[in-house]
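Asks: I'd like to go over a predicted model; first the sequence, then the structure.
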Amino acid sequence: MRQYQRDFTPDEFRARRQKLCEALGADGWILLQGAGVQMGVETFRQDNAFYYFSGVEVPHAYLLINAADAQAILFLPHEAQVGREADGEILCAENAEAVGQVTGVDQTLGVEALPGRLVRAGVLYVPFDGGQTRAVSAATLRSWSARTASDPWDGRQTRAARLVETVRRRFPRIDVRDASAAIAELRLVKSPAEIALLRRAGQLTAEGIREAMRSTRPGVMEYQLDAVMRYHYVAGGAAGCGYHAIVAGGANMWYGHYSRNDCELADGDWVLGDCAPDYHGYTSDIGRIWPVNGTYSPDQRALYGFVVEYHKTLLAGIRPGRMLSEINEEAAEVMAGVLADWRFGSPEHEEAARAMFAFRGHLSHCVGMTVHDGGLHHTRPLEPGIVFSVDPQMKVPDEKLYVRAEDTVVVTDDGIENLTSAAPLELDDVEAFMQEDGLLQTFPPV
């Protein structure tokens with residue numbers, strides 16, 4: 001079992017903790033809670049914020065940072081509290097000396113020592129939206145909390161909420177404050193080491209889509225395309241998917257986060273694929289639409305072709321120093337000229353294309369440890385290291401058509417690097433690529 005990461009240096013962790021202290025101010029302490037042990041025998045996945053500042057992959061760990069000098073104390077369970085039957089050797093308080101060498105923490109203690117250190121705190125910063133892991137972003141947590149609170153027979157809290165409540169009950173004199181915004185801001189700009197992981201995640205993402213395209217034919221089930229994407233992720237070193245796959249054929253494409261993936265693909269329909277791996281704690285994002293029978297119909301070609309042109313126009317406008325609003329406005333002007341000469345199959349399709357000009361969500365969301373990562377990239381000029389998805393979207397409500405093309409990009413010194421560009425985008429390239437044999441050629445439809 002991997003007890004701590006080997007992708008980042010101790011100096012990088014120290015620098016992250018130092019920046020967090022500077023962002024929050026010298027008055028107080030910072031407490032980060034690691035994820036709890038998984039139910040059953042699921043592979044442990046660390047809380048994103050805890051991992052970002054320590055790299056330790058051990059359940060029920062805590063990190064306490066003195067904001068005055070960035071000194072960090074790691075609190076780990078004892079050997080007697082750790083079950084090793086399934087996972088082998090696990091880092092614990094008794095054998096934790098090595099962790100200082102890889103994470104740069106200043107001291108390691110047992111979890112029972114945490115209250116004795118907390119009692120010294122006057123101000124304590126805790127991420128109120130803690131608990132983000134694979135496929136669980138801040139937005140996901142808020143949605144889960146709202147749905148759970150609406151059930152009078154449930155009423156569960158997140159682990160982060162319970163932690164805040166426990167600290168306030170046991171230490172009523174401590175002023176507990178939210179560190180979530182500061183952590184999200186720090187995670188907005190990725191380091192070179194993070195970008196290397198995101199680059200590999202993007203490569204696996206593209207290869208998964210390529211395999212799904214190769215494996216598509218009438219009669220194939222949506223879940224079979226999900227399966228061939230997952231194959232490439234795991235074979236490429238990922239720990240599975242970074243989020244639940246969207247494999248939406250035909251009318252299912254209308255539902256933005258369709259998740260059942262249990263329908264048969266029909267001749268004449270098209271299919272939307274959107275999935276990415278969890279590679280060393282980082283993921284990606286993509287969206288491609290391809291014809292089930294290998295050839296776009298005239299209407300499909302007109303609709304998706306326009307979205308692809310919009311996509312390329314947005315990509316061309318991204319560079320450091322620009323605001324997303326500026327890029328969106330420029331792209332709308334360019335595409336208005338394209339629309340003048342574009343031929344759609346109906347006035348409704350043309351109107352749907354025109355409606356794209358007013359939409360400001362085409363430069364969609366940040367990507368990192370979760371697919372909807374922390375950070376507000378639309379509030380500031382772009383700078384190198386910001387990673388986000390480019391996802392122009394067209395909707396035809398009367399026909400329940402939802403057409404999109406998505407890539408994940410990182411801003412560079414002079415433009416972008418498209419991390420998922422290996423997945424075919426141009427319609428002719430997609431049709432040509434679908435002539436290749438895929439994994440599913442050896443598996444009959446179920």
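Replies: Ah, there it is.
Asks: per-domain residue ranges of this structure.
Replies: Here the domain assignment for the chain is 10-187, 192-442, based on automatic domain parsing.
Asks: could those domains be laid out in TSV, adding mean pLDDT and mean neighbour count?
Replies: Every residue, glycine included, has its C-beta placed from N, CA and C. Below are the domains of the chain laid out as TSV (pLDDT from 0 to 100; neighbours: other CB atoms under 10 Å):
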stretch	mean pLDDT	mean neighbour count
domain 10-187	87	17
domain 192-442	96	19
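Asks: which residues in the stretch 101-250 of the chain form helices?
Replies: With DSSP state H, counting those that start in this stretch as the criterion, the stretch 101-250 of the chain has helices at 114-118, 138-149, 159-170, 180-188, 192-215, 222-235.
Asks: Next, the contact list for the nearest residue to Ala422 once chain neighbours are set aside, please.
Replies: Leaving aside its sequence neighbours, Ala422 sits nearest to Ala206 (CB to CB, 6 or more residues apart in numbering; 3.7 Å). Counting by CB atoms under 8 Å, 6 or more residues apart in numbering, Ala206 makes contact with 286, 420-423.
Asks: run the last query once more with 7 Å
Replies: 286, 420, 422-423 (CB atoms under 7 Å, 6 or more residues apart in numbering).
Asks: Kindly report the same for Leu401.
Replies: By CB under 7 Å, 6+ apart, the contact set of Leu401 is 254, 303, 395.
Asks: Just want the phi and psi numbers for the most centrally placed residue in the chain.
Replies: For the chain, Val371 is the residue whose C-alpha lies nearest the centre (CA atoms, centre = their mean; 1.6 Å). As for Val371, its main-chain torsions (degrees, to the nearest 10) stand at phi -70, psi -30.
Asks: Verify the stated contact: it with Asp285.
Replies: Yes - using CB atoms under 7 Å, Val371 is in contact with Asp285, at 5.1 Å.
Asks: Between those two, which contacts overlap?
Replies: Joint contacts of Val371 and Asp285 (CB under 7 Å, 6+ apart) are Ala276.
Asks: Would you confirm that Leu303 contacts Glu348?
Replies: No - using CB under 7 Å, Leu303 is not in contact with Glu348; the gap is 10.7 Å.
Asks: Just the element for Ala336, please.
Replies: In the assignment (DSSP states H and E), Ala336 maps to helix 324-340.
Asks: what's the offset of that helix from the middle of its chain?
Replies: Offset of helix 324-340 from its chain centre (CA atoms, centre = their mean, to the nearest Å): 27 Å.
Asks: Any idea how far the helix or strand that that helix is followed by is from the middle of the chain?
Replies: Using DSSP H and E, the helix or strand that follows helix 324-340 in sequence is helix 347-355. Distance of helix 347-355 from its chain centroid, counting by CA atoms, centre = their mean, is 31 Å.
Asks: what do you get for stretch 147-166?
Replies: On the basis of CA atoms, centre = their mean, stretch 147-166 sits 24 Å off its chain's mean C-alpha point.
Asks: got it, and stretch 187-199?
Replies: Its chain's average C-alpha position is 12 Å from that of stretch 187-199, according to CA atoms, centre = their mean.
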